[in-house]
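Sharing a sequence plus its predicted fold:
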Amino acid sequence: MTATILVLGAGMVGTCTALHLQQRGFDVTLIDRRPPGQETSFGNAGLIQGESVEPYPFPRDPGFLLDVALGRGAEVHWHLRGLWQMAGPLLRYFRNSHPQAHTVATQHYSRLIAHATAEHAPLIAAAGAEDLVVREGFRFGFRTARAFDEGVQRARALEAGFGVRHRVEDGAALAKAEPALRQTLAGAVHWLDPWAVRNPGALVQRYAALFVARGGRVLTGDATTLQRAGAAWSVQTDAGRVEAAQAVLALGPWADGLIRTLGYRFPLFLKRGYHQHYRAPVTLRQPLLDAERGYVLAPMEQGLRLTTGAEFAPIDAPATPVQLAKAEALAREWVDLGEPVAGAPWLGARPCTADMLPVMGPAPRHPGLWFNFGHAHQGFTLGPVAGRLVAEMVAGERTWIDAGAYWPGRFG
């Protein structure tokens, strides 16, 4: 079987890349080992985060780092083997999180986030997915007055600098807006620009169905079988070996393993995360982040979803849902979660880069190969933006966003 271009990885980023290539006249085959939207894109908090204009920096507060080292708190968990494997990229991540360097990264990162909802909107409409999307924002909830004051100051700075809209709610206003809360908090910042998706995996599936309806092919295959033969790239699938003149790697946390076989050593690392659904008798109306403990509660079709912070561990390490247990105890202080929905907690991984910017553009030493990965916490948010940007590059168009900061060649 022959295609014009292969897209490896059928998460949000890969599926949107396939759609945008298709719109530009390419014959596209989308390949994954599992159906679309069943890996990293399945398990997030379902947020299209128009407010997230700053990439997450490496924490620099000594007290917080001590808590992490001693295993206190719910925000971060680590495996010693994971820290050892990621030591180099994590050190670069720490250096790049210096306030001056982080300001530069934010300039490049915010250009992508600024277009997130606008790029999702036409795909949501075309895919008939309006029923999955709630355009009412989400909240950062604060336990203490001090953290609330700091959160309000930060929100005002982001609105002044980037136009990110928000509303400040004191404890009484928050209690009125969210009757499910069982205690009065210090307050909340209600971000008004984000959209909440009540089933993230289903949204990717709707996008993939749109791709197929427009003539695209979705095949089950193994990206690790990628080979170059002459001027073509090929991958083994259930339908046989498929080849094309070009290929896009949109493999999220699995990208690093594949590009290493091609001789690339990028400063990449993983942040694993967990979720569990609960049968809350009264659910939240909008997603809510516990800003001082690092977990999110998000109402979903499957129940109230509790998502955790970051776990630094190898992608294939056994599940250690320590954070989930801690986050559940904290969340029950706020909401009557009810009983967990049957089934083991979900575990996934976020693909991160040491400079906090995604990797989008041509492979430096392999003609016809393109990279689109490393979107960290925001692959679900940035899928359509990243897909459009890489599709424009492949088509030889002038990109509507200056893409130099995301170029794979920046790592040498």
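Received, thanks.

mind listing what's buried in stretch 324-340?
The neighbour-count check on stretch 324-340 (16 or more other C-beta atoms under 10 Å) flags 324, 326-328, 330-331, 334-335, 337-338, 340 as buried. Glycine gets a C-beta too; all of them are placed from N, C-alpha and C.

Make a markdown table from those and add secondary structure, distance to residue 175 and pLDDT to it.
Listed next are those as a markdown table, based on DSSP: H, G, I helix; E, B strand; the rest coil; distance: C-beta to C-beta, whole Å; pLDDT from 0 to 100:
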| residue | secondary structure | distance to residue 175 | pLDDT |
| --- | --- | --- | --- |
| 324 | helix | 26 | 96 |
| 326 | helix | 25 | 96 |
| 327 | helix | 22 | 97 |
| 328 | helix | 22 | 98 |
| 330 | helix | 18 | 98 |
| 331 | helix | 17 | 98 |
| 334 | helix | 11 | 98 |
| 335 | strand | 12 | 98 |
| 337 | coil | 18 | 98 |
| 338 | coil | 20 | 97 |
| 340 | strand | 26 | 96 |
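
quick one: contacts of the helix or strand harbouring residue 84?
Per DSSP states H and E, residue 84 falls inside helix 80-85. Helix 80-85 has contacts (C-beta atoms under 8 Å, 6 or more residues apart in numbering) with 90, 270, 311-314, 317.

For the buried ones among those, write the corresponding PyMOL selection.
A single PyMOL command suffices to select whichever of these are buried according to 16+ other C-beta under 10 Å:
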select buried, resi 90+270+311+312+313+317
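
Among the contacts of helix 80-85, which lie within strands?
Among those, the members falling in strands (DSSP state E) are 270, 311-312.

and which of the residues you listed is nearest to residue 401?
Within the ones in strands among the contacts of helix 80-85, proximity to residue 401 (C-beta to C-beta) peaks at residue 270, which comes in at 26.2 Å.

Test of understanding: give the bridge partners of the closest one.
According to DSSP bridges, the residues that bridge with residue 270 are residue 351.

just use 828 as the starting number from now, easier for me
Okay, using 828 as the starting number, the last item reads as residue 1097.

hang on, the earlier thing: Throw the ones in strands among the contacts of helix 907-912 into a markdown table and include pLDDT, thanks.
Putting the ones in strands among the contacts of helix 907-912 into a markdown table (pLDDT from 0 to 100) gives the following:
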| residue | pLDDT |
| --- | --- |
| 1097 | 96 |
| 1138 | 97 |
| 1139 | 96 |
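
Does anything pack onto the helix or strand of the chain with the lowest mean pLDDT? Which helices or strands?
The helix or strand of the chain with the lowest confidence, counting by mean pLDDT, DSSP states H and E, is strand 829-835 at a mean of 87. For strand 829-835, the packing partners by 3 or more C-beta pairs under 8 Å, 6 or more residues apart in numbering; DSSP states H and E come out as helix 839-850, strand 855-859, strand 1059-1064, strand 1067-1076.

List the buried residues in the first one.
The neighbour-count criterion (16+ other C-beta under 10 Å) identifies 839-849 as the buried residues of helix 839-850.

Repeat that for the last one.
If you call a residue buried by 16+ other C-beta under 10 Å, then strand 1067-1076 has these buried ones: 1069-1071, 1073-1076.

tell me the two of the buried residues of stretch 1151-1167 that are most distant?
Pairwise distances across those peak at 18.6 Å for 1153 and 1165 (criterion: C-beta to C-beta).

Which strand or helix spans residue 1017?
Assigned by DSSP H and E, residue 1017 falls in strand 1014-1018.

and residue 953, what does it touch?
Counting by C-beta under 8 Å, 6+ apart, residue 953 makes contact with residue 1037.

I would like the residues contacting the least confident helix or strand of the chain, please.
By C-beta under 8 Å, 6+ apart, the surrounding residues in contact with strand 829-835 are 841, 844-845, 848, 853-859, 1044, 1048, 1050, 1053, 1060, 1062, 1069-1078, 1221.

sorry, back to before: what strands line up against the strand holding residue 1017, and which way round?
By DSSP bridges, strand 1014-1018 pairs with strand 965-969 (antiparallel), strand 993-997 (antiparallel).

want to try a markdown table for the ones you listed, with mean neighbour count, distance to residue 885 and mean pLDDT as columns?
Formatted as a markdown table, these follow (neighbours: other C-beta atoms under 10 Å; distance: least, C-beta to C-beta, whole Å; pLDDT from 0 to 100):
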| stretch | mean neighbour count | distance to residue 885 | mean pLDDT |
| --- | --- | --- | --- |
| strand 965-969 | 25 | 20 | 99 |
| strand 993-997 | 17 | 25 | 98 |
